[in-house]
Structures are given as structure tokens and as C-alpha cells.
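**Student:** Sequence and predicted structure are below.
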Amino acid sequence: MNQQASVTELPSEVPAAVATDPLPAPAGSAAPDSSPTSAGSGAATVPAGPEPSARPYFGNTYPNNPNLQVSERFKALRRKSGYIMGWLKLDGVDEPVVQKDNSFFLTHDAMGKKNVNGAIFLDQSISLLTRPNAILLFGHNMKTGAMFGNLRKFEKSSYYFNHWIISFDSLYDEGGKYIVFGVCKPGVVRGARQYADVYDLLSGDSDLRAQALEDLLESNMHAKVVNVTADDQLLLLITCTNDDTERLIIAARRLRDGETEDRLDLDF
């Protein structure tokens, strides 16, 4: 893992020029093979992303989809762009989530076309063939509010408490609802103030995840009112700020079994 910038290399505000430095990933991880392929002579080019598995995958499978079936909705979306791996919806964001490497979508939209806004993308080190402990999504903090430009609204507590439910569907796991438990600005350089290594949240070691969660919450901007543990499945929306040594992270956990938007496990 790149220890010097363990969250992202997104620039702070991107009005005209976009940085193309790749986001770091844990050492040894491999980006999915996603070279563009053509639909035929004269046909529109459809980018090819990570392929859905056609066989059952035994391991930490999805409770409601152990055989990794892909819905007609996502089959249709992937015919438009093979990069699409999910869909994210919250106030101000209703966008596909794509995956290739951690640099391509800094300068390309979800269709694979050049676009200064980029796209919202899943970290290259995360495979969705099994249910990950944490899902890390990156996007530009655009002044126009595009992509993750509206996330800065969460810095106001009045906004946070009225918009803390996030919907995230992925290829094999639709209907996911998450509640925001932290609006954080951790340092991204080891040794920096309030440093947090979000990649440790992906670990199979629960103690390491617990420490990473504690480190992340050290930079929480609001009082912690949502109960969260290292055993929850987490969703992190990560974007830049005006300070290159920190990132804005909207941290959410999946609603637990028996929990609804009206009946939440809170720490009041």
C-alpha cells in the first residue's frame, strides 16, 4: 500500500484541469481487466469492465443472492457500459458507480468518454464477488455540485440529520440502505494529524478494522449518534478538500437485520 497517501490523489476542486495521478491501492492488489472492446465495425464502442461471475462463488456470499445472479436492470446498464458495477443514490447524487483502475475515471465519465467531471468509482482493490467489509467510492468535489460536490453539505449538522440515508445497489446486492455515522476529515499522510488508513477497513482482521474505524471517527465533525462496529458493512464516500493533506469522507454503515429507516440503532 502507498503509505504516503492512503486515501486518494484527487485534486481539491476541479474546474478545468483534472489531475491524473492514480489513487493508491493495497500492495499486491490488481486492477480488473477493463480494456475497451468494440461492438463491431461501425458500431458504438462499449467499454468492458470487470465481468460478472457466471458460476456460484463459495465464501462470504450475499445472503439474498448466493449464486451471484445479475438483475435485468444491471444487465441493461452493463450493455451501455461494461464499467458499471453499481448505482449510488442520496440527496444530490443519483449516479452509476464504475470500476477500472484508480485513475481512468478521474478524467472519464461512466461511458468511458473524456469528461472533466469524471465519474464515481469503486476502488480498484475491491472485488464484489464476495461481500466486502467496506465499499470505498471516490468522486471529484466539483464546484458545480457534480459527482461528490454536494457532500460538503454534510458538514452542517442540520443537513446531515435530514439526509443520512444512502442507497447503494451493486451487481449482486440490490436494495442496500446505509445510514451515515460520520462526516470525517482524516489526514491522508501517515503521521499527519488525525491520520486514518481506510484500507484497513477492508481487512479480514476485526481488530485492525476496529482500530481503523476508531481512527476515522477521531476526525468526525458531528457528535456520534449512530451505533457502528467493525462488524458492520461500511460504505465510504471519499472526496477531496481544499487541503491536500486531508479528505472529506461520508462514512455510513448498512442497516442491520430488523433495522429500518424509522427504527435505527442509535447511541442516544
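**Tutor:** The structure has been received and is ready for your questions. Numbers count the residues shown, from 1 in each chain.

**Student:** So which bits of the longest helix along the chain are buried?
**Tutor:** In the chain, taking DSSP state H as the definition, the longest helix is helix 206-217. By neighbour count on 16 or more other CB atoms under 10 Å, the buried set for helix 206-217 is 209-213, 215-217. (Each C-beta comes from the backbone N, C-alpha and C, glycine too.)

**Student:** Return the closest of the residues you listed with respect to residue 143.
**Tutor:** For the buried residues of helix 206-217, the minimum distance to residue 143 (CB to CB) is 26.1 Å, reached by residue 216.

**Student:** residue ranges with poor pLDDT in the stretch 51-200 of the chain?
**Tutor:** Flagging of the stretch 51-200 of the chain using pLDDT under 70 yields the residue ranges 51-59.

**Student:** can you give me the strands for it?
**Tutor:** Here the stretch 51-200 of the chain has its strands, by DSSP state E, counting those that start in this stretch, at 84-90, 93-98, 120-122, 134-138, 165-170, 173-184.

**Student:** what would the ones you listed look like in TSV with distance to residue 235 and mean neighbour count?
**Tutor:** TSV is the format used below for these (distance: least, CB to CB, whole Å; neighbours: other CB atoms under 10 Å):
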stretch	distance to residue 235	mean neighbour count
strand 84-90	9	22
strand 93-98	11	21
strand 120-122	11	26
strand 134-138	5	25
strand 165-170	6	19
strand 173-184	5	20
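
**Student:** Out of those strands, flag the one nearest residue 158.
**Tutor:** Put simply, out of the strands of the stretch 51-200 of the chain the one that sits nearest residue 158 is strand 173-184, at 12.3 Å, with distance taken as CB to CB.

**Student:** quick one: that closest one to strand 165-170, angle?
**Tutor:** With axes from the mean of the first three to the mean of the last three CA atoms, to 10 degrees applied, the angle from strand 173-184 to strand 165-170 works out at 130 degrees.

**Student:** For strand 173-184, name the packing helices and strands.
**Tutor:** Under the contact criterion of 3 or more CB pairs under 8 Å, 6 or more residues apart in numbering; DSSP states H and E, strand 173-184 touches strand 165-170, helix 206-217, strand 247-254.

**Student:** What would it look like as PDB? C-alpha coordinates only.
**Tutor:** Written as PDB, here are the backbone C-alpha positions of strand 173-184 (Å, rounded to 0.1, in the frame of the first residue of the first chain):
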ATOM      1  CA  ASP A 173     -26.600  -6.900  -4.000                       C
ATOM      2  CA  GLU A 174     -29.500  -4.600  -4.600                       C
ATOM      3  CA  GLY A 175     -31.700  -2.800  -2.100                       C
ATOM      4  CA  GLY A 176     -28.800  -1.800   0.100                       C
ATOM      5  CA  LYS A 177     -29.600   1.000   2.600                       C
ATOM      6  CA  TYR A 178     -26.900   2.700   4.700                       C
ATOM      7  CA  ILE A 179     -27.000   5.300   7.400                       C
ATOM      8  CA  VAL A 180     -24.300   7.900   7.800                       C
ATOM      9  CA  PHE A 181     -22.500   7.600  11.100                       C
ATOM     10  CA  GLY A 182     -19.600  10.000  10.500                       C
ATOM     11  CA  VAL A 183     -18.700  13.100   8.500                       C
ATOM     12  CA  CYS A 184     -14.900  12.900   8.700                       C
END
